[in-house]
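Peer 1: sequence and predicted structure below; questions after.
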Amino acid sequence: MGVLVAFFFLFLFLGFPIALILLAISVIGASFILGINPSIVIQQMFNGLSSFTIIAVPFFMISGGIASRGGTARSLINVMNKLFGRLPGGLGISTIFACAFFAAISGSSLATIVALGTLMIPTLIEHGYPEDMSIGIINSAGSLGILIPPSLPMVTLSVSMGLSVSKVFAAGMMPGIFLAVVWSVYVAVTCKRKGYPRLPEQAGEEKREEKYGLREFLKDVPALIFPIIILGSIYGGFATPTEAAAISVVYVILIEVFYYKTTRLSELPAIFGKGVGEATVMNVILGCAAAITWMVTNMQLPALLAQMIQAYIPNKFVFLLIMVVVLTILGCFMEVVAIGVILGPMLMPTMSAFGIDPIHFAILVILCTQIGLISPPFGLNIFVSMRVAGKPMGTIVKASMPYLILLIVSVLFLAFVPQITMFLPNLMR
């Protein structure tokens, strides 16, 4: 086993794609440790992909790509600013909740940053918010894209760990709202204490807010009911997650092409192709992860790992603390899909022994990966925010630091208070 771990980190250090690393480790393990014909690895890959639920991934990627074109994002900002605009830091709080709402549409943190960052960073600065606060809000709140359902990592984690997609979706809702509230309180307190915004444009903004009446609200309704249609169809029993994902594509085409008119029909083939291509990459990772899961199971590593952990770790609280640290470190270097599909199946016996619900663990994986998304040096959100804001990495990292600290504290709190995460899934039992 030590040899496989050494090969894994060697390949990772050399910059090999994670899918290729998993495939290589599976072939090495099957050939030289289990003494089995390595062709069985291919069979296990196909077995891991034989799930109807996985088809939801390209659909959600396509709908998120179309929604990020502008019309949906602008409507969400209008409504959220009407709700929160008069609070201290109201425009910043509106941006955070718009990110949370858009997360329920796109399922992607990167799409959330691109869609709302392009629109809101210059708007926040124009209305008197400091540049670092504006960038920090977008870079951090954009990470809600993988936590608030429907989330692409939630789909892949559910498939790899054999969990109910609907329950994992439900488990992400309360932590997502919790984080949005925590960051919003920080923005409100900071703005109140430092007197932001400081430019006279705020008065003009308040004037415009008064003109936001029923007619303007009705124009924004199609964007608001988008996540209601997706999640409502799932929890109402009208559609499976895959069918709801397909519905989301049809709906977003209707509103973005024919209502907001931000996308032309001629652009759809390219958007579909990009979404399918990105989904293919994720599916390859899933297939390779299924092969390595088969390998470690045949080597009885999950059982051995469970025995070792129970022998040296006294209780589940210490175990959860260690897991948060390990997952956070891995989240700085690896994608959430790879982390979850590798560690999830391996740690299932240990979670069972400590009485930890696998759904809670799945959400912890996503939360810790959020930390990695906005942490240097390899946080993907940082690179996207650099492009959107046109600023160097140092500026993005410094701007995000208060939100990163609050995120770490929140993750520890949610890890040790599972009732918040499990409240909605428990209602479904």
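Peer 2: Received the coordinates, thanks.
Peer 1: quick one: pLDDT of residue 222?
Peer 2: What the model reports for residue 222 is a pLDDT of 91.
Peer 1: helices and strands around the strand or helix carrying it, which ones?
Peer 2: Counting by DSSP states H and E, the secondary-structure element that holds residue 222 is helix 214-235. Using 3 or more CB pairs under 8 Å, 6 or more residues apart in numbering; DSSP states H and E, the elements in contact with helix 214-235 are helix 71-84, helix 90-106, helix 165-194, helix 241-253. From N, CA and C alone the C-beta is placed, and that goes for glycine too.
Peer 1: now find how far off-centre the following helix or strand past the shortest one is within its chain.
Peer 2: Sequence-wise, the next helix or strand beyond helix 241-253 is helix 268-298, with elements assigned using DSSP H and E. Between the centre of helix 268-298 and the centre of its host chain there is 17 Å, according to CA atoms, centre = their mean, to the nearest Å.
Peer 1: list the buried residues of helix 268-298.
Peer 2: 268, 271-272, 275, 278-279, 282-296 (16 or more other CB atoms under 10 Å).
Peer 1: repeat for stretch 115-127
Peer 2: Buried positions in stretch 115-127, judged by neighbour count with 16+ other CB under 10 Å: 115-121, 123-125, 127.
Peer 1: burial measure for residue 24, as a count.
Peer 2: 18 (other CB atoms under 10 Å).
Peer 1: try residue 50
Peer 2: Taking other CB under 10 Å as the definition, residue 50 ends up with a neighbour count of 9.
Peer 1: pull the CA atoms of stretch 313-326 into PDB?
Peer 2: Provided in PDB are the C-alpha atoms of stretch 313-326 (Å, rounded to 0.1, in the frame of the first residue of the first chain):
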ATOM      1  CA  ILE A 313      -8.300   7.900  17.500                       C
ATOM      2  CA  PRO A 314     -10.400   8.000  20.800                       C
ATOM      3  CA  ASN A 315     -13.700   9.400  19.500                       C
ATOM      4  CA  LYS A 316     -15.500  10.800  16.600                       C
ATOM      5  CA  PHE A 317     -14.800  14.400  17.500                       C
ATOM      6  CA  VAL A 318     -11.100  13.900  17.100                       C
ATOM      7  CA  PHE A 319     -11.700  12.000  13.900                       C
ATOM      8  CA  LEU A 320     -13.900  14.800  12.500                       C
ATOM      9  CA  LEU A 321     -11.200  17.400  13.400                       C
ATOM     10  CA  ILE A 322      -8.500  15.300  11.600                       C
ATOM     11  CA  MET A 323     -10.800  14.800   8.600                       C
ATOM     12  CA  VAL A 324     -11.500  18.600   8.400                       C
ATOM     13  CA  VAL A 325      -7.700  19.300   8.400                       C
ATOM     14  CA  VAL A 326      -6.900  16.500   5.800                       C
END
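Peer 1: neighbouring contacts of it?
Peer 2: The set of residues that contact stretch 313-326 without belonging to it, under CB atoms under 8 Å, 6 or more residues apart in numbering, is 309, 347, 350, 354-356, 361, 364, 368, 411-412, 415-416.
Peer 1: ChimeraX command for the buried members of those residues?
Peer 2: Isolation of the buried members of these (16+ other CB under 10 Å) is achieved in ChimeraX through the command below:
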select :309,347,350,354,356,361,364,368,411,415
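Peer 1: with pLDDT, distance to residue 396 and secondary structure added, can I get the contacts of stretch 313-326 in a markdown table?
Peer 2: Written out in a markdown table, the entries for the contacts of stretch 313-326 read as follows (pLDDT from 0 to 100; distance: CB to CB, whole Å; DSSP: H, G, I helix; E, B strand; the rest coil):
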| residue | pLDDT | distance to residue 396 | secondary structure |
| --- | --- | --- | --- |
| 309 | 77 | 37 | helix |
| 347 | 80 | 33 | helix |
| 350 | 82 | 36 | helix |
| 354 | 86 | 37 | helix |
| 355 | 87 | 40 | coil |
| 356 | 89 | 34 | coil |
| 361 | 89 | 30 | helix |
| 364 | 90 | 25 | helix |
| 368 | 88 | 20 | helix |
| 411 | 94 | 20 | helix |
| 412 | 93 | 24 | helix |
| 415 | 93 | 27 | helix |
| 416 | 93 | 30 | helix |
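Peer 1: which residues touch the residue nearest the centre of the chain?
Peer 2: Nearest residue to the geometric centre of the chain (CA atoms, centre = their mean): residue 146, 1.0 Å. Applying CB under 8 Å, 6+ apart, we find residue 146 in contact with 103, 107-109, 152-154, 336, 366, 369-370, 373.
Peer 1: kindly recompute the last result at 7 Å.
Peer 2: Remark: with contacts taken as CB atoms under 7 Å, 6 or more residues apart in numbering, residue 146 is in contact with 109, 153, 336, 366, 369-370.
Peer 1: between the residues you listed, which is nearest residue 38?
Peer 2: Taking CB to CB as the measure, residue 336 is the one of the contacts of residue 146 closest to residue 38, at 28.1 Å.
Peer 1: and residue 129, backbone torsions?
Peer 2: Main-chain torsions, residue 129, degrees, to the nearest 10: phi -90, psi 140.
Peer 1: is it true that it touches residue 92?
Peer 2: Yes: under the criterion of CB atoms under 7 Å, residue 129 is in contact with residue 92, at a separation of 6.1 Å.
Peer 1: who has more neighbours out of these two?
Peer 2: residue 92 (29 against 26).
Peer 1: tell me the contacts of the closest residue to residue 65 other than its chain neighbours?
Peer 2: The spatially closest residue to residue 65, leaving aside those adjacent along the chain, is residue 271, at 4.9 Å (CB to CB, 6 or more residues apart in numbering). When the contact criterion is CB under 7 Å, 6+ apart, the partners of residue 271 are 62, 65-66.
Peer 1: 8 Å instead, please
Peer 2: The neighbourhood of residue 271, defined by CB under 8 Å, 6+ apart, consists of 62, 65-66, 263.
Peer 1: for residue 30, find the nearest of the helices and strands packed on helix 214-235.
Peer 2: Across these, residue 30 has its closest neighbour in helix 165-194 (29.8 Å, CB to CB).
Peer 1: about what we covered before: what's the closest of the contacts of residue 146 to residue 171?
Peer 2: Proximity of the contacts of residue 146 to residue 171 was ranked by CB to CB; the top entry is residue 366 with 9.4 Å.
Peer 1: many thanks, I have nothing further to ask.
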